[in-house]
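In: Pasted the sequence and its predicted model underneath.
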Amino acid sequence: AQSVTQLDSHVSVSEGTPVLLRCNYSSSYSPSLFWYVQHPNKGLQLLLKYTSAATLVKGINGFEAEFKKSETSFHLTKPSAHMSDAAEYFCVVRFSGGYNKLIFGAGTRLAVHP
Amino acid sequence: DTAVSQTPKYLVTQMGNDKSIKCEQNLGHDTMYWYKQDSKKFLKIMFSYNNKELIINETVPNRFSPKSPDKAHLNLHINSLELGDSAVYFCASSQRNTGELFFGEGSRLTVL
């Protein structure tokens, strides 16, 4: 069965410093993995996706993630945090049984301080 | 134009009442979803429709009944509301099997 574990419920960084949000996945098959972002009182927006092409995936707003099969990880990074990056981030795996069923991690709240 | 719009944005109601949330998408997608987000921000799929056909029906009380009159609309009706139904309900749409979902801004339901 597929699942994702987000290793940190809260991450706090200073503006201009790097961001690292950690995600480990469990999947019997080659997974499709995604990161979604949710700003306060908003819906979710896709940041980036991995679907077995390049292992380093670039997304919107300067975010990227690297798929590491040996470590079963899909960590999200950004070189320099901006105040507007403060949000909830969800690591997501697509269920291999079809029908586009997405399984969400518990979320990581990113706080960015001046 | 809002791509996925849901109404109302807020509902406050008493236990035992019935309420509906409506969702519309103008992206031309063939698949729509309802997700429930609890107070700890945990998101879980409830239902999915593809071209008006129910394709995902998670373990949800039968007090919840989705309806899709056409592929651009997906409504959620909830009977006999309970305290535990308090949550934010998100509608989303996608082309089938892309994994890229477009979400509405959510409908916050509070049951008193």
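Out: Yep, that arrived.
In: Strands of chain B, residue ranges please.
Out: Applying DSSP state E to chain B gives strands spanning B:4-7, B:10-13, B:19-25, B:31-37, B:43-50, B:53-57, B:64-70, B:73-78, B:87-94, B:102-103, B:107-111.
In: Then chain A?
Out: Under DSSP E, chain A gives strands at A:3-6, A:10-14, A:19-21, A:23-26, A:33-38, A:44-50, A:56-58, A:64-68, A:73-78, A:87-94, A:102-104, A:108-113.
In: Please convert those strands to a markdown table, extending it with distance to B:Pro61.
Out: Bear in mind the C-beta positions are built from the backbone N, C-alpha and C, glycine included. Formatted as a markdown table, the strands of chain A follow (distance: least, CB to CB, whole Å):
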| stretch | distance to B:Pro61 |
| --- | --- |
| strand A:3-6 | 24 |
| strand A:10-14 | 32 |
| strand A:19-21 | 34 |
| strand A:23-26 | 28 |
| strand A:33-38 | 25 |
| strand A:44-50 | 24 |
| strand A:56-58 | 38 |
| strand A:64-68 | 36 |
| strand A:73-78 | 33 |
| strand A:87-94 | 25 |
| strand A:102-104 | 21 |
| strand A:108-113 | 29 |
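In: can you tell me which of the ones you listed comes nearest to B:Cys91?
Out: Among the strands of chain A, the nearest to B:Cys91 by CB to CB is strand A:44-50 (11.2 Å).
In: Could I have the CA atoms of the closest one written out in PDB?
Out: Taking Å, rounded to 0.1, in the frame of the first residue of the first chain, the C-alpha atoms of strand A:44-50 are listed here in PDB:
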ATOM      1  CA  LEU A  44      -4.300  23.700  -2.400                       C
ATOM      2  CA  GLN A  45      -2.000  24.300  -5.400                       C
ATOM      3  CA  LEU A  46       0.400  22.000  -7.100                       C
ATOM      4  CA  LEU A  47       4.000  22.900  -6.600                       C
ATOM      5  CA  LEU A  48       5.600  20.100  -8.500                       C
ATOM      6  CA  LYS A  49       5.300  16.500  -9.500                       C
ATOM      7  CA  TYR A  50       7.500  13.400 -10.100                       C
END
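In: chain center to it: distance?
Out: Centroid separation for strand A:44-50 versus its chain: 8 Å, with CA atoms, centre = their mean, to the nearest Å.
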